[in-house]
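[1] fold the following for me, if possible:
(one chain, ligands or ions: 2)
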Amino acid sequence: MPDKFQIQRLNDWFPLNDCPLVIAGPCSAEGEEQVMNTVLQIVEHTQGKVQMIRAGIWKPRTRPNSFEGVGEIGLPWVKNAGRAVGLPVTVEVANPEHVEAALKNEIDVLWIGARTTVSPFAIQEIADALRGVDIPVLVKNPINPDLELWIGAMERLNQAGVKKLGAIHRGFSSYEKTIYRNPPMWEIPIELRRRYPQIPIILDPSHMGGTRDLIATLSQQGMDMGFDGLMIESHINPDKAWSDAKQQVTPQRLGEILNALIVRKPTMADSGLQSLHDLRARIDRIDDYIIELLAERMGISEQIGEVKKENQLAVHQSARWAQIVKRALEKGQTGGLTEDFILKLFQQVHNESIRHQSKVMGL
Ligand code: PEP
Ligand code: MN
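    Ligands and ions are numbered 1, 2, ... in the order given. Below you'll find the model as predicted:
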């Protein structure tokens, strides 16, 4: 397929020296001081590892009557905070008026949010507003797991002349309850990379995880999978944040997360290593699923615990356990897994399950 994208490589418009492009800042700009203090603290705690500042000015919210952003008044707060520390700044734009206001305030990079990427009309309007403007644009994946829609949005921008283009993977909405706010569905960004290796992909572990505990692991996974950068929400007082309080981290914690990150030298250029890399990424994805499924299984165990408690039944029921083992051994055999392995695995799963049940039964 001829290359549809005419874009400049990330390193050509943002020199990285083998480091990931780390973008950090609050979910929302709330006040001039909050933005400035957050940015000063980020720089203080992250030893040059953060290279761009983010802040939401207009907040697309799923439900009305939540904080919808301070609006245009916040743009100079963000720009001035960036200037104070010598870093470029990025804000989310969702329509041509936002684009115009951001350009007027010399915002360095624009990003497009997941709720906007879903709408080709909205994207086309933004693309038209950007015709003839040389500014980098980062496009978040659409809310729904649709790679074509994501690519289509980037194509519209590219066809309008946006050459400094990147993707942000923030996970996809799913009806199933998982440990993630937006499950990664790694196969989608992996396919994007396979088809258009020249498009940089930034991982947003904050919106993906939805809780601050998941950010370090997700960030490491992103690095292991060869993502080009991270966008992490950081707030001076996360619990008091006006939006996304649960997933924001203090600048100090951000520093710890970034310090612990193992960034492997890019190996994508080497095709032999590329396939090893892809295979490892697939393994990691499967491991994620295993853990998610185990967590889901434990949740069901807890529900069973509630039922047992109401009916005054014992936690351990040996006939049921025997039946579980029998089914697992049979299934394992068809998949070429040894009896010994299946038995040990299920003993561990069973132990954990009993622990969960006992907890809800107050034992
Ligand atoms: C954000 O980055 O604050 C945001 C609203 O993200 P998303 O578009 O990924 O939901
Ligand atoms: Mn947010």
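
[2] what's the spacing between the residue of the stretch 201-350 of the chain found nearest ligand 1 and Leu218?
    Proximity of the stretch 201-350 of the chain to ligand 1 (Cβ to the nearest ligand atom) peaks at His207, 4.2 Å away. Where C-beta positions appear, they are placed from N, C-alpha and C, glycine not excepted. Counting by Cβ to Cβ, to the nearest Å, the separation of His207 from Leu218 is 10 Å.

[3] lowest average confidence, helix or strand, in this protein?
    Of all the helices and strands that make up the chain, helix 271-310 has the lowest average by mean pLDDT, DSSP states H and E, namely a mean of 83.

[4] now that one: buried residues?
    274, 277-278, 281, 284-285, 288, 292, 298, 301, 304-305, 308 (16 or more other Cβ atoms under 10 Å).

[5] same question for stretch 138-146.
    138-143, 145.

[6] how deep is whichever residue of the chain sits closest to ligand 2 tucked in, by neighbour count?
    For the chain and ligand 2, the shortest gap (Cβ to the ion) falls at Cys27, measuring 3.3 Å. Counted with other Cβ atoms under 10 Å, the burial measure for Cys27 works out to 24 neighbours.

[7] quick check: the gap between it and Leu254.
    Distance, Cys27 to Leu254, using Cβ to Cβ: 13 Å.

[8] residues of the stretch 151-300 of the chain that sit close to ligand 1?
    By the rule Cβ under 6 Å from any ligand atom, the part of the stretch 151-300 of the chain lying against ligand 1 is 170, 207.

[9] strands of the stretch 151-300 of the chain, residue ranges please.
    Remark: strands of the stretch 151-300 of the chain, listed N- to C-terminal, are 165-169, 201-203, 229-233; assignment by DSSP state E, counting those that start in this stretch.

[10] most tightly packed of these?
    strand 229-233 (a mean of 26; mean count of other Cβ atoms under 10 Å).

[11] and the residue nearest to Asp108 when sequence neighbours are not counted, what does it touch?
    Closest residue to Asp108 apart from its sequence neighbours, by Cβ to Cβ, 6 or more residues apart in numbering: Pro88 at 3.6 Å. Counting by Cβ atoms under 8 Å, 6 or more residues apart in numbering, Pro88 makes contact with 51-53, 82, 108-109.

[12] hmm, back to that, which strands or helices does the least confident helix or strand of the chain pack on?
    For helix 271-310, the elements it packs on are helix 187-195, helix 215-224, helix 339-360, judged by 3 or more Cβ pairs under 8 Å, 6 or more residues apart in numbering; DSSP states H and E.

[13] okay, those, which one's buried deepest?
    Highest mean neighbour count of the helices and strands packed on helix 271-310: helix 215-224, a mean of 20 (counted as mean count of other Cβ under 10 Å).

[14] neighbours of Ala94, just the number please.
    By other Cβ under 10 Å, neighbour count at Ala94 equals 20.

[15] any idea how far it lies from Trp58?
    6 Å.

[16] and this protein, what are its domains?
    10-260, 274-361 (automatic domain parsing).

[17] considering those domains, which stretch scores lowest in mean pLDDT?
    Least confident of these, judged by mean pLDDT, is domain 274-361 with a mean of 88.
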